[in-house]
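Enquirer: okay, sequence plus prediction incoming.
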Amino acid sequence: MIRPPKVKFQRPIIGNGQRRGMMLVLSSPSGAGKTTISRKLLQLDPSISLSISVTTRPRRANESDGIDYHFIDKEQFERMIQRNELLESARVFDNYYGTPAGPVRESLQQGRDVLFDVDWQGHLQLAENAREDLVSIFILPPSFAELNRRLRARAMDSEEVIRRRMAKAPEEISHWEDYDYVLVNEDVDETLATVQGIIEVERLKRKRQVGLADFIRRLEAGQEG
């Protein structure tokens with residue numbers, strides 16, 4: 001696993017009455033539903049933007065460069081590591097994935113939430129770099145048999161890749177305790193609604209209300225506005 005140096009996040013005051021954005025991580029074994037939930041969430045909530053990762057894996061027929069991923073070669077990836085341009089990186093099935101730091105910093109400072117579709121390795125690195133900004137959710141399948149069925153139903157991978165994904169699933173599931181929330185995805189719509197509820201609660205947390213302290217001081221002083 002390639003591990004980039006830690007990236008320090010600043011926590012500037014954005015302005016009175018505004019909030020700092022949060023980093024929302026959704027992780028799951030392949031086929032458990034995180035990508036479907038992520039896409040629905042982005043469609044329904046315009047205040048959330050997707051962190052577009054860089055990857056060295058080949059582009060699939062239904063994917064677009066700069067929208068699904070930034071597709072680069074291994075040499076480019078290694079240069080980004082050397083320049084400390086990645087918040088996290090991981091090797092998954094012989095390919096490398098990473099999160100560019102710059103766009104995430106900008107979004108958080110503007111009060112926008114950033115959604116991450118990363119595995120447990122990426123989650124741990126993000127937690128090391130920006131734990132105060134992080135909210136993490138692990139998505140579980142209702143059963144191992146259902147996970148296998150979903151992988152085959154999406155018809156995206158070869159038989160060999162499916163076997164590798166199924167073999168890796170127990171290891172991925174073993175990291176569930178590292179996450180803030182754990183959900184069993186029996187029904188996509190119900191799980192999506194639960195994720196939306198978690199987001200709303202997290203947005204209201206005191207630490208994200210960057211203008212709250214000044215507002216309260218004015219209230220205590222009996223000032224208007």
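Expert: In hand now; what should we look at? Here the structure is a predicted model, which is why all the values come from computation and not from measurement.
Enquirer: so where is this protein shaky, pLDDT-wise?
Expert: 1-17, 155, 224-225 (pLDDT under 70).
Enquirer: centroid residue for it?
Expert: Phe116 (1.7 Å; C-alpha atoms, centre = their mean).
Enquirer: tell me what it is bridged to.
Expert: Val25 (DSSP bridges).
Enquirer: give me every residue that touches it.
Expert: Neighbouring residues of Phe116 by C-beta atoms under 8 Å, 6 or more residues apart in numbering: 23-26, 51, 99, 122-123, 126. Placement of C-beta: from N, CA and C, glycine included.
Enquirer: likewise for Ser107?
Expert: Neighbours of Ser107 in contact, by C-beta under 8 Å, 6+ apart: 21, 49, 113-114.
Enquirer: and of those residues, the nearest to Arg208?
Expert: Closest approach between these and Arg208, by C-beta to C-beta: Gly21, at 8.0 Å.
Enquirer: circling back to that earlier point, ok, of the contacts of Ser107, which one's closest to Glu88?
Expert: Val114 (12.6 Å).
Enquirer: I'd guessed that closest one sits against Ser51; true?
Expert: Yes. Using C-beta atoms under 8 Å, Val114 is in contact with Ser51, at 5.0 Å.
Enquirer: quickly list what's touching both of these two.
Expert: With C-beta under 8 Å, 6+ apart as the test, Val114 and Ser51 both reach 23, 103-104.
Enquirer: only the buried subset of those, as a ChimeraX command please.
Expert: Selection command for ChimeraX covering only the buried members of the shared contacts of Val114 and Ser51, criterion 16 or more other C-beta atoms under 10 Å:
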select :23,104
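Enquirer: export the shared contacts of Val114 and Ser51 to CSV and append columns for secondary structure and distance to Arg217.
Expert: Listed next are these as CSV, based on DSSP: H, G, I helix; E, B strand; the rest coil; distance: C-beta to C-beta, whole Å:
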residue, secondary structure, distance to Arg217
Met23, strand, 28
Pro103, helix, 33
Val104, helix, 30
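Enquirer: looking at the shared contacts of Val114 and Ser51, which is nearest Ala145?
Expert: Using C-beta to C-beta, these come closest to Ala145 at Met23, 33.1 Å.
Enquirer: tell me which stretches of this structure form helices.
Expert: With DSSP state H, the ranges of helices along the chain come out as 34-44, 74-82, 101-109, 120-130, 144-153, 159-173, 188-203, 212-220.
Enquirer: how about the fourth one: buried residues?
Expert: Across helix 120-130, burial judged by 16+ other C-beta under 10 Å covers 120-127, 129-130.
Enquirer: report the angle between it and helix 101-109.
Expert: 60 degrees (axes from the mean of the first three to the mean of the last three C-alpha atoms, to 10 degrees).
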